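Q: no sequence on this one, just coordinates:
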């Protein structure tokens, strides 16, 4: 990614992939793939105990792990029996799972373990050839989160024909991969420019923009924040001087096979606190939706007392790491809670842990990412701030793409109600990566945004122009783009 003046640009080779395209394992790649699958089965075996303790295996005791382990051991030979019979990859997965189910019963735990293993193998095999090429811009169809997680660092942008669900958006965000939604016909093997701010792709290098602004995430009453989830981002984002930092731990767990390791998390927080000693840091307690998808466990992902107890080990390790040292501006956000009583109970329980173990007190926020939370916001008590996840909430409310204006009215109404209660309101989600929509929310009175680092400087320019025109900038923008956003 390059910066030309105030413009973010991604330039490089373009290719296309359909993750449901029929795939046959060649004789030339058989040995390499066999070795890869042996390693992956070994990884699955080693992670079983940890996944059980973290609540991702539906078994009652440790002895049942042996039953699951035996099923995994048989996977390799059964899989390659069907490879040698020249079946397509999807057929091989289907036949392998059916044979294991016959031998070991169709137990829900074995089903989830095999589904996860097959998704990881599918992603590894399909992307083997792509990783040999220096591909920067990749168009993908029918991708799952395991495919996107397997992409190498040389992929800087992903193109899709239509906007994906919020789980795929989370993975792209985690990997700092820019998403462009377009059905424009492009030629594989050619090099293109992606104009990030304009959200378009072409063969033409963009012209330099001469204006620039001082990099500072605080401008008047406005705060631009960045999401930081790994050590590399801690250093990379420092020159941008973010107004605040958002941490979503579950995205970091995907780097360690969906499991939290306390020492790794402690190291992360130590570096984060040291690098940003005076910056506000908001940590969202780990969200379960993306972890359940990764582990292929399809039970409830709302945070209530049942899920809190089931995944207690994960939550406690994260909280322990969070307080490895003191940070004066640490805040905790509780997300995916639909019930006001449950919010109060969980907040009280976590507050007691923090008080008794660390002798500290922090402010708690309420995540607005469910229809019930939005509708019954008045029932929730004693929270200090609100985080509106536009992507999750938009999908939860089941709005059509053409109904963005209705969604904007809903969250604007919430913004006005919370202002009377003096609650800080933070906006996050892929929706605000569209500069026109970001401008619209600025004009609607929202002040705190979690933005992409790719657009940080251009969004500072939008805010500066808004200040310079004392609000008239919003009217100018609306007149220029009334055909795009109403």
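A: Good, I have the coordinates. Remember, it's a predicted structure, so these values are computed and weren't measured experimentally. Numbering: from 1, shown residues only.
Q: My reading is that residue 223 lies in a strand. Confirm?
A: Yes. Judged by DSSP: H, G, I helix; E, B strand; the rest coil, residue 223 forms part of a strand.
Q: I'd say it and residue 451 touch.
A: No. Checked against Cβ atoms under 8 Å, the pair residue 223 and residue 451 is beyond contact range at 10.2 Å. Every residue, glycine included, has its C-beta placed from N, CA and C.
Q: Who has more neighbours out of these two?
A: In terms of neighbours (other Cβ atoms under 10 Å), residue 451 is the more surrounded of residue 223 and residue 451; the figures are 23 against 19.
Q: Now do the same contact list for that one.
A: Neighbouring residues of residue 451 by Cβ atoms under 8 Å, 6 or more residues apart in numbering: 224, 225, 226, 432, 433, 438, 459.
Q: Share the number of residues neighbouring the residue lying closest to the fifth one once chain neighbours are set aside, please.
A: With sequence-adjacent residues excluded and distances taken as Cβ to Cβ, 6 or more residues apart in numbering, residue 433 is closest to residue 452, at 5.4 Å. Residue 452 is surrounded by 19 other residues when neighbours are defined as other Cβ under 10 Å.
Q: Would you list the phi and psi of residue 452?
A: Main-chain torsions, residue 452, degrees, to the nearest 10: phi -70, psi 140.
Q: With residue 179 instead?
A: Main-chain dihedrals, residue 179, degrees, to the nearest 10: phi -100, psi 130.
Q: What's the separation between residue 297 and residue 313?
A: 15 Å (Cβ to Cβ, to the nearest Å).
Q: Same question for residue 14.
A: Note on residue 14: its distance to residue 313, by Cβ to Cβ, is 44 Å.
Q: Over to residue 85?
A: Distance, residue 85 to residue 313, by Cβ to Cβ: 43 Å.
Q: Neighbour count for these two, which is higher?
A: residue 313 (16 against 10).
Q: Not counting sequence-adjacent ones, nearest residue to the spatially most central residue of the chain?
A: When Cα atoms, centre = their mean is applied to the chain, the residue found nearest the centroid is residue 170 (2.1 Å). Spatial nearest neighbour of residue 170, excluding adjacent residues (Cβ to Cβ, 6+ apart): residue 290 at 5.5 Å.
Q: List the residues that contact the one you found.
A: Residues in contact with residue 290 (Cβ under 8 Å, 6+ apart) are 145, 167, 170, 171, 250, 251, 254.
Q: Please, which helix or strand holds it?
A: Residue 290 is part of helix 289-295, with elements assigned from DSSP states H and E.
Q: and if you look at residue 388?
A: Per DSSP H and E: residue 388 is located in strand 385-389.
Q: Which neighbouring elements make contact with the helix or strand just after that strand?
A: Later in the chain than strand 385-389, the nearest helix or strand by DSSP H and E is helix 390-396. Other helices and strands packing on helix 390-396, by 3 or more Cβ pairs under 8 Å, 6 or more residues apart in numbering; DSSP states H and E, are helix 166-174, helix 371-375, helix 404-419, strand 424-428.
Q: ok, and for the host helix or strand of residue 309, which residues are buried?
A: Assigned by DSSP H and E, residue 309 belongs to helix 305-310. Across helix 305-310, burial judged by 16 or more other Cβ atoms under 10 Å covers 307, 308, 310.
Q: ok, now stretch 420-435?
A: Residues of stretch 420-435 classed as buried under the neighbour-count rule (16+ other Cβ under 10 Å) are 423-435.
Q: Can you report how many residues neighbour residue 267?
A: 14.
Q: Now do the SS call for it.
A: For residue 267, the assignment made with three-state DSSP gives helix.
Q: could we number from 42 for the rest of this?
A: Sure, I'll start numbering at 42, so the last one becomes residue 308.
Q: contacting residues around the residue lying closest to it once chain neighbours are set aside?
A: Closest residue in space to residue 308, ignoring its immediate chain neighbours: residue 272 at 7.6 Å, by Cβ to Cβ, 6+ apart. For residue 272, the contacting residues are 308, 309, 312, by Cβ under 8 Å, 6+ apart.
Q: list the helices and strands the helix or strand just after the helix holding residue 350 packs on?
A: Note on helix 346-351: by DSSP H and E, the next helix or strand toward the C-terminus is helix 353-363. Packing partners of helix 353-363 (3+ Cβ pairs under 8 Å, 6+ apart): helix 303-316, helix 381-399.
Q: With distance to residue 434 as extra columns, can I get these in CSV?
A: Converted to CSV, those look like this (distance: least, Cβ to Cβ, whole Å):
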stretch, distance to residue 434
helix 303-316, 27
helix 381-399, 16
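Q: any weak-confidence spans in this protein?
A: Applying pLDDT under 70 to the chain flags the ranges 42-48, 101-103, 147, 248-256, 258, 260, 511-527.
Q: top helix in it by residue count?
A: Counting residues, the longest helix found in the chain (DSSP state H) is helix 71-94.
Q: I would like the residues contacting whichever helix or strand comes after it, please.
A: Moving toward the C-terminus from helix 71-94, the first helix or strand encountered (DSSP H and E) is helix 105-124. With contacts defined as Cβ under 8 Å, 6+ apart, helix 105-124 is touched by 66, 71, 75, 78-79, 82, 85-86, 89-90, 93, 98, 100, 132-133, 136-137, 140-141, 144-145, 148, 150-151, 154-155, 158.
Q: ok, of the residues you listed, which come out buried?
A: Applying a neighbour-count criterion of 16+ other Cβ under 10 Å, the buried members of the contacts of helix 105-124 are 66, 78, 82, 85, 89, 93, 98, 100, 133, 136-137, 140-141, 145, 148, 150-151, 154-155, 158.
Q: And residue 304, how far from residue 334?
A: Distance of residue 304 to residue 334, given as Cβ to Cβ: 26 Å.
Q: More neighbours: those two, which one.
A: When residue 304 and residue 334 are compared for neighbours, residue 334 comes out ahead with 22 against 10, by other Cβ under 10 Å.
Q: List the contacts of that one.
A: The contact partners of residue 334, by Cβ under 8 Å, 6+ apart, come to 186, 208.
Q: any idea how far residue 84 is from it?
A: On the measure of Cβ to Cβ, residue 334 and residue 84 end up 18 Å apart.
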